[in-house]
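[1] Got a predicted structure here, sequence first:
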Amino acid sequence: MERSILKSMLKDMLLARAFEEQAAYEYTQGNIAGFLHLYPGEEAVAVGVLHAAEPGDYIVSTYREHVHALVRGIPPGKIMAELFGRKDGCSGGLGGSMHLFDQQRRFMGGYGIVGETYPVSTGIAYAIAMRELPEAVICFFGDGAVNQGTFHESLNMAALWNLPVLFVCENNRYQIGTEIHRHSKVTEVYKRACAYKIPAEQVNGMDVIEVYKATQSALLRIREGTGPQFLEIETYRLRGHSMADPGSYRPKVEVQAFKDEDPVTVMLQESLPEYPSAEQISAIGKDNIEHLSEHMHREELISPEEFQRMKQQVAETVEQAVQYAQKSPEPSMEEAFSALNCNRGQEVLI
Amino acid sequence: MANEVMLWQAMNKAMDIEMAADNSVFTMGEDVGLYGGSYRVTEGLYAKYGEWRVRDTPISEGGFTGLGVGAAMVGMRPVIEIMTINFALLALDAIINMATKIPFMSGGQFPMPLVIRVPGGVAKQLAAQHSQRLEHTLMNVPGLRIAVPSTPQDAWWQLRQAIQSNEPVIVLEHELLYFSKGSLDTNLDPVPMHRALIRKKGDALTLISYSRSVLLAQQAAERLAQEGIDIDVIDLRSLSPIDWQSCIDSISKTHHLLIVEEDCGFAGAGAEIAATLSERCFYELDAPVQRHTGLDLPTPYNGTLEAATIPTVSSIINAVKQLVQSGE
Ligand SMILES: Cc1ncc(C[n+]2csc(CCOP(=O)(O)OP(=O)(O)O)c2C)c(N)n1
Ligand SMILES: [Mg+2]
């Protein structure tokens, strides 16, 4: 694999991690509010998949989409400004963390209702197929999202009409607090695609190179006219579901629910979120970033000095993003109403 | 004896007592079990009653709400929790086409002892897809009861009444009220589920509201009282059916009506209230009925704009003053 691609993927993964850690910090400072779903641990998925995509391909993502947006090339400052709810955010400060959009970059949105990414994707793909264009749609969703009706409805239509969609399941084994064995009978998600005759495979999401290669060949098959493809990428989120969900609950909550007949202390709204520090996270073990950086060190694809420089650059980028967000003004009510009425043109209502 | 509790605790206790009393009561929803519920209403119940009675579901709102309908047809008393009202949009077929139609279409053969609990409303910067209200849509469905508790005491009474009832009942809970405190006396005789309650008394104006807006209205009324303007604050508690008589009695005394709601104004709950009370109280009113509502705008993520889309204590005070003065 080309060294330049590896380097650029490593840089994006470092940027993704630094950006999300900064967002978590800004949340604790009150600069970001609402639901904030972070991506640490899952970087190899967005980075591997989107590096294999063409700029003409469309991206449809969920509420956990900051990193997809970053890798797609939306300027970090525009994303951070959106998280801050500012006018210069990529959705004008009206959408927030869960609803990043960028028409120019074909970033077709972050969706907050689980199961919405499939129909949006098949719709875009229908238009591509009708116009006989060489483009594809990349549709992201979680393991919990495959039990929504739209999953089955959309996979059937995509297969039936041979639509150019790459379905990418980010299987982090959790649907908020519900572990996959407790939400799904078939836990190897890729197997479900065979009900619709969609070629599917399972990919190790700890290895960005594997993700990249699997995506590349799936997209190639789509462009050759084979129809929709399906990747299940196995990954793990290191933090809680969102900043409203304490990160360390997973084993603990299960123990406590049985131990206490009294109220289990699942502190949701009341407590300040308690998160593992960056050190604790890296102490959990090798994560997907280390997987790549160690490989590159071992193969001498990057020097320790260059790696340090890269980290430094990433830190500066994130700092600039925060400054950009801080400087941006808040949107006005007039802007909110003109967004609402953007399709009305010059019509005057009486 | 009254205790100070948070609203979620009152609901938790109501669930516990009903589950203990009747083993056909079961609850189901996303993260209601091991996790204890997003707003803690089902906390501790999984350990106590086990997984058949406290079921964690996949993300399949249409499916598990419909399952509740089927179970209710054979005598179970399901309490379906839909994580938020925004996701209840995916379950509208089960609620509207099934739960409320089956008793009717079967000529009354099948009672529908189904409860659907849903948090909703504008919370804190949850953005456009997570800040909605659906009362307008649900109110337009004959055969559906809608409870909108604003205090722990009402949440306790109304959830228990809903579970015991043979009708489909939807309990609209406000996300910002779960951690608000109030007194709970479990020995008090319950007020009928649909009865409106007067939270504050006065002669200058009748303010009708429901859910969280009642709390804002009460604060507004207290400040207005300091300025010598005393108003009736009516907490509807139920949006279907509505206790019109309590409203009419108050209007006959004050001759002014202001409706305050968080919902969008256009075709919102307040539109029904205004229309019916204008019809029924036309000769009692000294001024046209006024509505003070949320803006007809999806909720912006930006915090300043979000706050400006819904009524606040001071905007309610202004609306009251304007209406009182216009009638003079
Ligand atoms: C229709 C709907 N139901 C429930 C929710 C609440 N909710 C938000 S994320 C989530 C879990 C989704 O899990 P998964 O699809 O595995 O994605 P992950 O968060 O793990 O990336 C739930 C239940 C929602 N947003 N939409
Ligand atoms: Mg998941």
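    Sure thing, it's come through. Ligands and ions are numbered 1, 2, ... in the order given.
[2] Residue B:4: which element?
    In the assignment (DSSP states H and E), residue B:4 maps to strand B:2-6.
[3] no wait, residue A:123
    Counting by DSSP H and E, residue A:123 is part of helix A:117-131.
[4] quick one: contacts of the helix or strand just after that helix?
    Per DSSP H and E, helix A:117-131 leads on to strand A:137-142 as the next helix or strand towards the C-terminus. Contact partners of strand A:137-142, identified using Cβ atoms under 8 Å, 6 or more residues apart in numbering or on different chains, comprise A:46, A:49-50, A:53, A:57-62, A:64-65, A:68, A:114-115, A:117-118, A:120-122, A:124-125, A:128, A:151, A:163-172, A:175. For glycine as for every other residue, the C-beta is placed from the backbone atoms N, C-alpha and C.
[5] Partner strands of strand A:137-142 and their direction?
    strand A:58-62 (parallel), strand A:165-171 (parallel) (DSSP bridges).
[6] quick one: the helices in the stretch 251-350 of chain A?
    Here the stretch 251-350 of chain A has its helices, by DSSP state H, counting those that start in this stretch, at A:278-283, A:288-298, A:304-327, A:333-340.
[7] The stretch 1-150 of chain B now?
    B:7-21, B:45-49, B:61-73, B:85-88, B:92, B:102-105, B:135-139.
[8] List the buried residues of the third one.
    Of the residues in helix B:61-73, those buried under the neighbour-count criterion (16 or more other Cβ atoms under 10 Å in any protein chain shown) are B:61, B:62, B:63, B:64, B:65, B:66, B:67, B:68, B:69, B:71, B:72, B:73.
[9] what does the domain assignment say about chain B?
    Per automatic domain parsing, the domain ranges recorded for chain B read B:3-184, B:197-326.
[10] Quick one: closest of those domains to residue A:78.
    Evaluated over the domains of chain B, closeness to residue A:78 peaks at domain B:197-326, with 14.4 Å, by Cβ to Cβ.
[11] measure that closest one end to end?
    27 Å (Cα to Cα, to the nearest Å).
[12] And for stretch A:91-105?
    OK, stretch A:91-105 end separation, Cα to Cα: 13 Å.
[13] same thing with stretch B:106-117?
    Note: stretch B:106-117 ends 25 Å apart using Cα to Cα.
[14] buried residues in it?
    Buried, per 16+ other Cβ under 10 Å, within stretch B:106-117: B:110, B:111, B:112, B:113, B:114, B:115, B:116, B:117.
[15] and the second one, what does it touch?
    Yep, that's residue B:111 we're talking about. By Cβ under 8 Å, 6+ apart, the neighbours of residue B:111 are B:72, B:103, B:166, B:167.
[16] again, but for the first one
    Under the criterion of Cβ under 8 Å, 6+ apart, the contact partners of residue B:110 comprise B:73, B:102, B:103.
[17] which of those are close to ligand 1?
    With respect to ligand 1, and counting by Cβ under 6 Å from any ligand atom, no part of the contacts of residue B:110 is in contact.
[18] Let's have those residues in CSV, adding distance to residue B:87 and pLDDT.
    Shown next, in CSV, are the contacts of residue B:110 (distance: Cβ to Cβ, whole Å; pLDDT from 0 to 100):
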residue, distance to residue B:87, pLDDT
B:73, 23, 97
B:102, 22, 97
B:103, 25, 97
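[19] Kindly indicate which of those lies nearest residue B:33.
    Nearest member of those to residue B:33, counting by Cβ to Cβ, is residue B:73, at 24.0 Å.
[20] Isn't the closest one up against residue B:112?
    Yes - Residue B:73 is within contact range of residue B:112, at 7.4 Å (criterion: Cβ atoms under 8 Å).
[21] intersection of neighbour lists for these two?
    residue B:102.
[22] Buried residues in stretch A:156-171, which are they?
    A:157, A:158, A:159, A:163, A:164, A:165, A:166, A:167, A:168, A:169, A:170, A:171.
[23] What sits closest to the first one if chain neighbours are left out?
    The spatial neighbour of residue A:157 that comes closest, neighbours along the chain excluded (Cβ to Cβ, 6 or more residues apart in numbering or on different chains), is residue A:122 at 5.6 Å.
[24] burial count for the one you found?
    27 (other Cβ atoms under 10 Å in any protein chain shown).
[25] ok, it - contacts?
    Residue A:122 makes contact with A:137, A:154, A:157, A:158, A:163, A:165, according to Cβ under 8 Å, 6+ apart.
[26] next one: residue B:260
    B:207-209, B:213, B:216-217, B:270, B:291-293, B:311, B:316, B:319.
[27] What's opposite it in the beta bridge?
    Under the criterion used (DSSP bridges), residue B:260 bridges to residue B:292.
[28] ok, now residue B:79?
    residue B:27, residue B:115.
[29] what separates it from residue A:166, distance-wise?
    40 Å (Cβ to Cβ, to the nearest Å).
[30] same thing with residue A:195?
    Counting by Cβ to Cβ, the gap from residue A:195 to residue A:166 is 18 Å.
[31] do residue A:199 as well
    Distance of residue A:199 to residue A:166, computed by Cβ to Cβ: 11 Å.
[32] Find the residues that touch each one of those two.
    A:218, A:229, A:230.
[33] which of the residues you listed come close to chain B?
    Among those, no residue is within reach of chain B (Cβ under 8 Å from any Cβ of the partner chain).
[34] So for ligand 2, which of the strands paired with strand A:137-142 sits nearest?
    strand A:165-171 (6.7 Å; Cβ to the ion).
[35] Now flag whichever of the buried residues of stretch A:156-171 is closest to ligand 1.
    Taking Cβ to the nearest ligand atom as the measure, ligand 1 sits nearest to residue A:170 out of the buried residues of stretch A:156-171, at 5.8 Å.
[36] from chain A, which residue is nearest to ligand 1?
    Closest point on chain A to ligand 1, by Cβ to the nearest ligand atom, is residue A:142, at 2.2 Å.
[37] Hmm, I typed the wrong one, I wanted chain B.
    residue B:87 (3.8 Å).
[38] Give me the spatial nearest neighbour of that residue, chain neighbours excluded.
    Per Cβ to Cβ, 6+ apart, closest to residue B:87 is residue B:61, 5.1 Å.
[39] residues touching residue A:320, list them.
    A:76, A:77.
[40] what's the distance between it and ligand 2?
    Using Cβ to the ion, to the nearest Å, residue A:320 is found at 32 Å from ligand 2.
[41] just residue B:79 next, same as before
    26 Å.
[42] and that residue, how far is that from residue B:65?
    11 Å.
[43] for the closest residue in space to residue A:214 that isn't next to it in sequence, helix, strand, or coil?
    Using Cβ to Cβ, 6+ apart and skipping the chain neighbours, the partner closest in space to residue A:214 is residue A:203 (4.6 Å). Three-state call for residue A:203 (DSSP: H, G, I helix; E, B strand; the rest coil): strand.
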